[in-house]
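> fold the following for me, if possible:
(2 chains)
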Amino acid sequence: GESVGLHLPTLSVQEGDNSIINCAYSNSASDYFIWYKQESGKGPQFIIDIRSNMDKRQGQRVTVLLNKTVKHLSLQIAATQPGDSAVYFCAENGGYGQNFVFGPGTRLSVLP
Amino acid sequence: ETGVTQTPRHLVMGMTNKKSLKCEQHLGHNAMYWYKQSAKKPLELMFVYSLEERVENNSVPSRFSPECPNSSHLFLHLHTLQPEDSALYLCASSSGTGSYEQYFGPGTRLTVT
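Next up is the predicted model:
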């Protein structure tokens, strides 16, 4: 079946540095993507989304980039803070009306 | 109370027990979901309900039985589970099925002994 995967299972960054979390997807029919953050003991929390008619979207300290040519999605976090430590998941919708498929997640650790 | 709530937060049960997980959403959404989250595996979709009707059953064993009495409540009834069913069970809701942001509850950490 179609799958969503992550290049790096863990990522450690210094506090104040920028973080980049990557995601590869395989379903070319996917037209909506979401990044979720999951802190320990909590459910996934929406961070930012992007539709396939865009290649970049910015939020507060976060930016999502979409490269449909190579089926690649990335999440950039500016000035990473200790509170950003969590597991980050990407999800693709597999096309209109389909259910989301989630990637395995990347654990982000922020070093003091 | 706002958002998506789940009870209990933690559950330990034997393989012969029967228990139920409860989910409630206070967002006015029409779709609700059950997911299973195991260590080192991606989130696995189990069931999808839209307007209280089950629209997807993702090849889940019959020892898991969902129930959606109304658009705000979702249950997962458990019986004769196996140790490999130990996982975090997450409930989510969204405005509709498909390309809508899903809001997740905190999950129920289930341990089957």
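
> residues in contact with the lowest-mean-pLDDT helix or strand in chain B?
The helix or strand of chain B with the lowest confidence, counting by mean pLDDT, DSSP states H and E, is strand B:53-57 at a mean of 81. The contact list for strand B:53-57 (C-beta atoms under 8 Å, 6 or more residues apart in numbering or on different chains) reads A:99, B:45-49, B:66, B:68, B:97. (C-beta placed from N, C-alpha, C; glycine too.)

> check which element follows it along the chain.
strand B:64-70 (DSSP states H and E).

> elements contacting the following helix or strand past that next one?
Proceeding N to C from strand B:64-70, the next assigned helix or strand is strand B:73-79, under DSSP H and E. If you count contacts as 3 or more C-beta pairs under 8 Å, 6 or more residues apart in numbering or on different chains; DSSP states H and E, strand B:73-79 packs onto strand B:18-25, strand B:31-37, strand B:44-50, strand B:64-70.

> show me which positions of the longest one end up buried.
When you say that, I think you mean strand B:18-25. B:19, B:21-25 (16 or more other C-beta atoms under 10 Å in any protein chain shown).

> quick revisit: what's the angle from the least confident helix or strand of chain B to strand B:44-50?
160 degrees (axes from the mean of the first three to the mean of the last three C-alpha atoms, to 10 degrees).

> strand B:53-57 pairs with which strands, and in what direction?
Strand B:53-57 sits in its sheet next to strand B:44-50 (antiparallel), going by DSSP bridges.

> could the contacts of strand B:53-57 go into JSON lines alongside distance to A:Gln38 and neighbour count?
What follows is the contacts of strand B:53-57, written out as JSON lines (distance: C-beta to C-beta, whole Å; neighbours: other C-beta atoms under 10 Å in any protein chain shown):
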{"residue": "A:Asn99", "distance to A:Gln38": "19", "neighbour count": "18"}
{"residue": "B:Leu45", "distance to A:Gln38": "16", "neighbour count": "19"}
{"residue": "B:Met46", "distance to A:Gln38": "18", "neighbour count": "20"}
{"residue": "B:Phe47", "distance to A:Gln38": "20", "neighbour count": "22"}
{"residue": "B:Val48", "distance to A:Gln38": "20", "neighbour count": "22"}
{"residue": "B:Tyr49", "distance to A:Gln38": "23", "neighbour count": "21"}
{"residue": "B:Pro66", "distance to A:Gln38": "23", "neighbour count": "20"}
{"residue": "B:Cys68", "distance to A:Gln38": "25", "neighbour count": "21"}
{"residue": "B:Thr97", "distance to A:Gln38": "22", "neighbour count": "21"}
